[in-house]
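Asker: Provide a 3D model corresponding to the input given below.
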Amino acid sequence: MIFSYDNSNYAMPLTRPLTFLCITTYEKGQEFMRECKRQGCRVILLTAEKLRDADWPRESLDNTFYLPEEIPLADIVKAVTHLARGEKIDRVVALDEFDMETAATLREHLRIPGMGLTTMRYFRDKLAMRMRALDRHLRVPDFVPVVNHADIQYYLDHVLGPWVLKPRQEASAIGIKKIHSGNELWPLLDELGDKQSNYLLEKFVPGGVYHVDSVVSEQDVVFSNVSKYGKPPMNVAQGGGIFTTFTVPRGSEDDSALRAMNRDLIAALGLLRGVSHAEFIKAHAGGEFYFLECAARVGGAYINEMIEAASGINLWREWARIEVSGGDGAYKLPPVREEYAGVILSLARQENPDTSHYDDPEVCLRIKKHHHAGLVLRSKDPERVPALLQSYTERFAREFLAVEPPRDKPTA
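Answerer: Below is the predicted model of the structure:
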């Protein structure tokens, strides 16, 4: 006999606090967990065994579970399903990009509301997001999947190089290789063997790289902040150097164009609620913007701290508030301050570099991280922060800068 299931008749009334399962295999998201607890929720953390002693907000956690290295996804599903026998899990949230597939798989298996596997791939798979954006008439650099060799050869014959070979599911600039000729490409594909379909080939577009960081509630971009990187992140990641980013003048032509393009992008990729970090490039030739990639997460490299300095909006905190509100329309963005901010960050030769002599009044945060030197700046003047960053970059290069080989994998 088959019984129909009417959720409204048989579901247990929600008179208890919401329970969040937060998943991260990197040390981040502390403010998200704190805000969930401030909102009266129960918070369970699922993280890596190697992070057992990390600086977690333990006062905000109701329970913590640790995963061994390289555990198969199927085993995580079994473990969380076992946990769910005694814990009614209401939300599953991946605090890092590399945990998005795990979270989406758990949501679908346990039928928990939130982003499923199909939508997740638009924010995780660089090929999927490009194809989706192109289908919705957003400008992207010419690309080809690394699958059919005849298609790849046709692409090489008709799209002027250089090109970039990109892993489809890495973050930031990890694993990207610049290619100048077909003779350079084919041996690389041979080395990749059966893994080559995990890559795409894309035209290298010289230009300035921008990022738009957003808060999204019920498909509506309720907050966005437009910033520009000093050097393209790929250049910093692969060639070494000093990372900077700063707020674009509000109401400028670039600011307005990117806000509009970002709204169209979020609608195309189907983000219902949460936060996003999207990157675009403004081509030196022609001055047009091209979409590069978008992640449904808070941007790294202290971008959140920069945005909070400029606007008063903490992306981790607002993401938590949106997840707690769900689709009931209760979420309201707090007042936004329209000032300007920037970040400067570099690897340092010193274990604990001293930045106290950077004493301009615009310095609002000194980044404390081993073998890193970094500052967050804030000003009401849109020109003051970029000018200071340019000056500080020259000084950081003399006083602190260390360079390490490009990484093939992310570090915690």
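
Asker: Asp96 and Gly116: what is the separation?
Answerer: Asp96 sits 18 Å away from Gly116, going by C-beta to C-beta, to the nearest Å. All C-beta atoms are positioned from the backbone trio N, CA, C, and that covers glycine.

Asker: Which of the two has more residues huddled nearby?
Answerer: Set side by side, Asp96 and Gly116 show more neighbours around Asp96, with 23 against 13, by other C-beta atoms under 10 Å.

Asker: And that one, how far from Ser197?
Answerer: With distances taken as C-beta to C-beta, Asp96 is found 24 Å from Ser197.

Asker: What of Pro353?
Answerer: 43 Å.

Asker: Looking at these two now, which is surrounded by more residues?
Answerer: Remark: of Pro353 and Ser197, Pro353 carries more neighbours, 23 against 14, as counted by other C-beta under 10 Å.

Asker: Where does the more buried one sit: helix, strand or coil?
Answerer: For Pro353, the assignment made with DSSP: H, G, I helix; E, B strand; the rest coil gives coil.

Asker: please renumber so the chain begins at 6
Answerer: With the count now opening at 6, the last piece we talked about shows up as Pro358.

Asker: Surely it touches Ala378?
Answerer: Yes - judged on C-beta atoms under 8 Å, Pro358 makes contact with Ala378 at a distance of 4.2 Å.

Asker: So Asp58, which state does it fall into?
Answerer: coil.

Asker: so what's the nearest residue to Arg264 once chain neighbours are set aside up against?
Answerer: Spatial nearest neighbour of Arg264, chain neighbours left out: Ser229 (5.6 Å); criterion: C-beta to C-beta, 6 or more residues apart in numbering. By C-beta atoms under 8 Å, 6 or more residues apart in numbering, the contact list for Ser229 reads 217-220, 264, 267-268.

Asker: again, 6 Å this time
Answerer: 217, 219, 264, 267 (C-beta atoms under 6 Å, 6 or more residues apart in numbering).

Asker: what mean pLDDT would you report for the helix or strand containing Val221?
Answerer: In this structure, Val221 sits in strand 212-222 according to DSSP states H and E. Average pLDDT, strand 212-222: 97.

Asker: Which is the succeeding secondary structure element to that strand?
Answerer: Where DSSP H and E defines the elements, the next helix or strand beyond strand 212-222 is strand 225-234.

Asker: Just the buried residues of that following strand, please?
Answerer: 226-234 (16 or more other C-beta atoms under 10 Å).

Asker: pLDDT of that strand, averaged?
Answerer: Averaging pLDDT along strand 225-234 yields 98.

Asker: Can you show me the strands along the stretch 156-305 of the chain?
Answerer: For the stretch 156-305 of the chain, the strands defined by DSSP state E, counting those that start in this stretch occupy 168-172, 182-184, 204-208, 212-222, 225-234, 248-252, 279-288, 294-300.

Asker: Next, report how far the fifth one is displaced from the centre of its chain.
Answerer: Spelled out, that is strand 225-234. Mean-position distance between strand 225-234 and its chain equals 13 Å (C-alpha atoms, centre = their mean, to the nearest Å).

Asker: Check the gap between Arg39 and Phe25 for me.
Answerer: From Arg39 to Phe25 the distance is 12 Å (C-beta to C-beta).

Asker: Looking at these two, which has the bigger crowd around it?
Answerer: Phe25 (24 against 18).

Asker: wait, isn't the more buried one in contact with Cys41?
Answerer: Yes - Phe25 is within contact range of Cys41, at 5.1 Å (criterion: C-beta atoms under 6 Å).

Asker: which residues are common contacts for the two?
Answerer: With C-beta under 6 Å, 6+ apart, Phe25 and Cys41 have common neighbours Val48.

Asker: Give me the phi and psi angles of Thr124.
Answerer: Dihedral angles phi and psi of Thr124 (degrees, to the nearest 10) take the values phi -70, psi -40.

Asker: What distance do you get for it to Ile271?
Answerer: In this structure, Thr124 and Ile271 are 12 Å apart, going by C-beta to C-beta.

Asker: So these two - more neighbours on which side?
Answerer: Just comparing Thr124 and Ile271: by other C-beta under 10 Å the higher neighbour count belongs to Ile271, 22 against 18.

Asker: got a list of what that one touches?
Answerer: 221, 226.

Asker: give me that answer again for 8 Å
Answerer: 219, 221, 224, 226, 281, 283, 299.

Asker: following whichever strand or helix holds Gly347, which helix or strand comes up?
Answerer: Using DSSP H and E, Gly347 sits in strand 345-352. Scanning forward in sequence from strand 345-352 by DSSP H and E, the next helix or strand is strand 368-371.

Asker: mind listing what that next one pairs with, with the direction of each?
Answerer: Here strand 368-371 has these sheet partners by DSSP bridges: strand 377-384 (antiparallel).

Asker: List of residues touching the helix or strand that contains Thr52?
Answerer: Element membership of Thr52 [criterion: DSSP H and E] is strand 47-53. Contacting residues not belonging to strand 47-53 are listed as 22-31, 38, 41-42, 59, 61, 65-72, 74, 85, 88, 92, 94, 417 [C-beta under 8 Å, 6+ apart].

Asker: Now Tyr397: closest residue in space that isn't a chain neighbour?
Answerer: Per C-beta to C-beta, 6+ apart, closest to Tyr397 is Ile349, 5.2 Å.

Asker: ok, that neighbour - contacts?
Answerer: Shown in contact with Ile349 (C-beta under 8 Å, 6+ apart): 247-249, 379-380, 382, 394, 397-398, 401.

Asker: One more pass at 10 Å, please.
Answerer: Shown in contact with Ile349 (C-beta atoms under 10 Å, 6 or more residues apart in numbering): 235, 247-251, 307, 311, 360, 363, 368, 372, 378-382, 390, 393-398, 400-401.

Asker: Could I get the full set of strands for the stretch 6-155 of the chain?
Answerer: Under DSSP E, counting those that start in this stretch, the stretch 6-155 of the chain gives strands at 24-29, 47-53, 68-72, 96-99, 148-150.

Asker: I'd say Ala378 and Glu356 touch.
Answerer: No - using C-beta atoms under 10 Å, Ala378 makes no contact with Glu356, being 11.0 Å away.

Asker: So for the two, which residue has more residues nearby?
Answerer: When Ala378 and Glu356 are compared for neighbours, Ala378 comes out ahead with 27 against 8, by other C-beta under 10 Å.

Asker: That one bridge partners, please.
Answerer: Ser351.

Asker: which intervals of this protein have sub-threshold pLDDT?
Answerer: 6-19, 176-178, 410-417 (pLDDT under 70).
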